[in-house]
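Asker: structure of the sequence below:
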Amino acid sequence: MIQGVMTRESVQGAINKGITASQIEQFLIQHAHRDMFIFNKKKYDGAVIHPDVSKRIYLWEKELKRLKPHYPAVLFNNFSTKEMFDKAVSFSNEHEWTIDIHIHKQCFVAHSEGRKDLEEYIKELMFQQQQQQTQLQRMEF
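Answerer: Residues are numbered from 1 along each chain as shown. Now for the predicted structure:
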C-alpha cells in the first residue's frame, strides 16, 4: 500500500501544469484501494473518495482561475443609489478608466490611475446628494 499527502500547493502545482481537478479526482478513484470502493461507496452515497476531498480539489482549482488583473485596478462599490452608480460609471467611461462593470451588484473595476479623480468625483456626488436631502427636509417643515 502506498500513502501520499495531497496539499494545496501540490494540487495547484499540478493544475498549473495543465492537469484539471477532474483528472486528479479520476486518478484518485482509479487508484483507490479496493476496500475504499466497498467502505466509502456505502458510507458516502456511492462516492469512492470522501466528498470533502473532492470538493477541496475543485476549490483549489477555482482559486487559480480567479480574475488576476495584469495592471493595478480598484473596485468601486457600495453606492447609495443607482443614480450615483450610473454617474460614477459614466465619469469613468469618459476617461477610459473602466475595466469591468457589474450592473446588478452596482460595482465596477477601474484602472488605478483614475482612482483619485474617481474618489473625488464620488465624494462630490455624495455631497450633492446630502445637500438635496437637506433641502428636501427643510421643505417638509
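Asker: can you name the next helix or strand after the helix-or-strand element of the chain with minimal mean pLDDT?
Answerer: Lowest on mean pLDDT, DSSP states H and E among the helices and strands of the chain sits helix 34-43, with a mean of 72. Per DSSP states H and E, the first helix or strand lying C-terminal to helix 34-43 is helix 51-64.
Asker: circling back to that earlier point, could you give the angle of the least confident helix or strand of the chain to helix 51-64?
Answerer: Relative orientation of helix 34-43 with respect to helix 51-64: 90 degrees, computed using axes from the mean of the first three to the mean of the last three Cα atoms, to 10 degrees.
Asker: check the offset of helix 34-43 from the chain's centre.
Answerer: In terms of Cα atoms, centre = their mean, to the nearest Å, the centre of helix 34-43 is set 36 Å apart from its chain centre.
Asker: how about stretch 55-71?
Answerer: In terms of Cα atoms, centre = their mean, the centre of stretch 55-71 is found 9 Å from the chain centre.
Asker: which residues touch that stretch?
Answerer: The contact list for stretch 55-71 (Cβ atoms under 8 Å, 6 or more residues apart in numbering) reads 6, 8, 11-12, 15-16, 20-21, 24-25, 99, 109, 111-112. Bear in mind the C-beta positions are built from the backbone N, C-alpha and C, glycine included.
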